[in-house]
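Asks: Curious how this folds, go ahead:
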Amino acid sequence: MPRNRSKFPAAVIEANLTPMIDVTFLLIVFFTLVSGIADNERVDMSLARVEAGATAQADEESRVMLNVIPATNGQIGGYLLAGKAFDATPDGIAQLADALADGYRRNPNLAVNLRADRDTMYEWVEPAMRATTTAASLAGGGALPRLNLVVIEESIGGSEGGRDGS
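Replies: The predicted structure is shown next:
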């Protein structure tokens with residue numbers, strides 16, 4: 001007597017893709033948020049070049065990026081610190097020094113990475129440098145101003161290395 005095959009239909013095995021889609025969307029959201037945070041510190045500019053120099057990258061936890069926002073003909077559009085813009089006026093520079101002083105109060109070993117376009121006149125970079133030293137004295141508590149000038153390191157062959165200290 002022939003054996004009867006099972007009366008039940010053959011089971012179809014399918015993968016449940018719902019958890020994988022959930023993880024994919026979470027990764028997309030994560031990378032979108034992280035890239036947005038990193039872009040707050042970056043202003044489009046052409047950094048100065050150096051052929052050789054003693055460079056070291058600052059510790060991520062104890063640094064803040066100060067940008068001199070470039071404008072036409074070597075002028076500037078202001079200063080940008082941690083996503084907040086400051087005018088290039090005496091009042092704006094005083095507000096910048098106050099914001100930096102808050103950073104020095106939280107962390108006396110704070111390093112300020114100063115970025116400026118190579119076409120920006122020095123007369124606009126110097127107030128940012130002065131604001132850093134003023135901020136350290138306003139903060140008190142033994143805070144010493146540590147100012148790093150961010151540049152593009154140029155190799156001997158003339159090609160650019162993309163290291164900008166950020």
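Asks: for the protein, longest strand please?
Replies: strand 63-70 (DSSP state E).
Asks: Got phi/psi on the closest residue to Gly141 other than its chain neighbours?
Replies: Leaving out its chain neighbours, the residue that sits closest to Gly141 by Cβ to Cβ, 6 or more residues apart in numbering is Pro108, at 5.7 Å. C-beta: built from backbone N, CA, C; applies to glycine. Per-residue torsions, Pro108: phi -60, psi -20 (degrees, to the nearest 10).
Asks: was I right about Pro108 contacting Arg146?
Replies: No - counting by Cβ atoms under 8 Å, Pro108 stays clear of Arg146, with 9.9 Å between them.
Asks: Helices along the protein, start to end?
Replies: 18-39, 90-106, 122-139 (DSSP state H).
Asks: what's the closest of those helices to Arg115?
Replies: helix 122-139 (9.7 Å; Cβ to Cβ).
Asks: where does this structure have low pLDDT?
Replies: Residues of the chain meeting the criterion pLDDT under 70: 1-6, 36-61, 151-166.
Asks: One more pass at 80, please.
Replies: Residues of the chain meeting the criterion pLDDT under 80: 1-11, 34-63, 73-75, 117-121, 139-166.
Asks: quick one, what contacts the residue lying closest to Ile76 once chain neighbours are set aside?
Replies: Excluding the flanking residues, the one nearest Ile76 by Cβ to Cβ, 6+ apart is Trp124, at 4.4 Å. If you count contacts by Cβ atoms under 8 Å, 6 or more residues apart in numbering, Trp124 has them with 68, 74-76, 88, 116.
Asks: Only the buried members of those: can you turn that into a PyMOL selection?
Replies: A single PyMOL command selects the buried members of those (16 or more other Cβ atoms under 10 Å):
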select buried, resi 68+76+88+116
